[in-house]
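Chemist: here is my input, please return the structure:
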Amino acid sequence: MRNHFNIESFLPYRLNRAAERLSGHFMRQCDVGGEVSWTEWQVLWSLGEGLHGTAKAISGHAGLTKTKVSRAVKALEDRRWLGRQRDTVDRRFEILSLTDSGQAAYTELKRCAADYQHWLEGAVDLPYLKALDDGLSGIEDAMATGHLRMPSPADEDGGQ
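Modeler: Below you'll find the model as predicted:
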């Protein structure tokens, strides 16, 4: 069985494909202020929720490259949805914050996300969503605690 590998059964591939399709569908359904990329949405969400105030922190939390986050920050700044201010304690960092129009866009995106989640819960059987949610929580917990790692060759050989 191990010699036969099917990409369609590969969990990272399946998760990524499902995430891309769902996020694309969501973004088409929720057109707030013109086209907003998924990365821009994540930056907007992080700032709107008060989770993180620097591009580095958003990058780490969202699992996005610093380059992607920097581009999203610049795009949101160009829309006048985001402002930057140099950190007074550590001048290497900029503190990001939403402008009034950025806060309005975030509020609309949050409303739209809640509506989409409600629609999704009606479109997909709740037990499937619950099982998916539980499974993802398990994977996220295992990754956060360091328990999800590849065994070293020494572990596979029984340490011999």
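Chemist: flag the shaky bits of this structure, pLDDT-wise.
Modeler: Counting by pLDDT under 70, the chain contains low-confidence ranges at 1-2, 32-34, 151-160.
Chemist: helices of that one, start to end?
Modeler: Assigned by DSSP state H, the helices in the chain fall at 11-29, 38-48, 55-62, 66-78, 100-123, 126-144, 153-156.
Chemist: pick the most deeply packed of those helices.
Modeler: Of the helices of the chain, the one with the most neighbours on average (mean count of other C-beta atoms under 10 Å) is helix 38-48, at a mean of 21. C-betas here are computed from N, CA, C, even on glycine.
Chemist: alpha carbons of that one, in CSV - could you do that?
Modeler: Provided in CSV are the C-alpha atoms of helix 38-48 (Å, rounded to 0.1, in the frame of the first residue of the first chain):
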residue,chain,number,x,y,z
TRP,A,38,-7.0,36.8,0.6
THR,A,39,-3.7,38.1,2.2
GLU,A,40,-5.1,41.7,2.4
TRP,A,41,-8.2,40.3,4.0
GLN,A,42,-6.1,38.4,6.6
VAL,A,43,-4.1,41.6,7.4
LEU,A,44,-7.4,43.6,7.6
TRP,A,45,-8.9,40.9,9.9
SER,A,46,-5.8,40.8,12.2
LEU,A,47,-5.8,44.6,12.6
GLY,A,48,-9.6,44.8,13.0
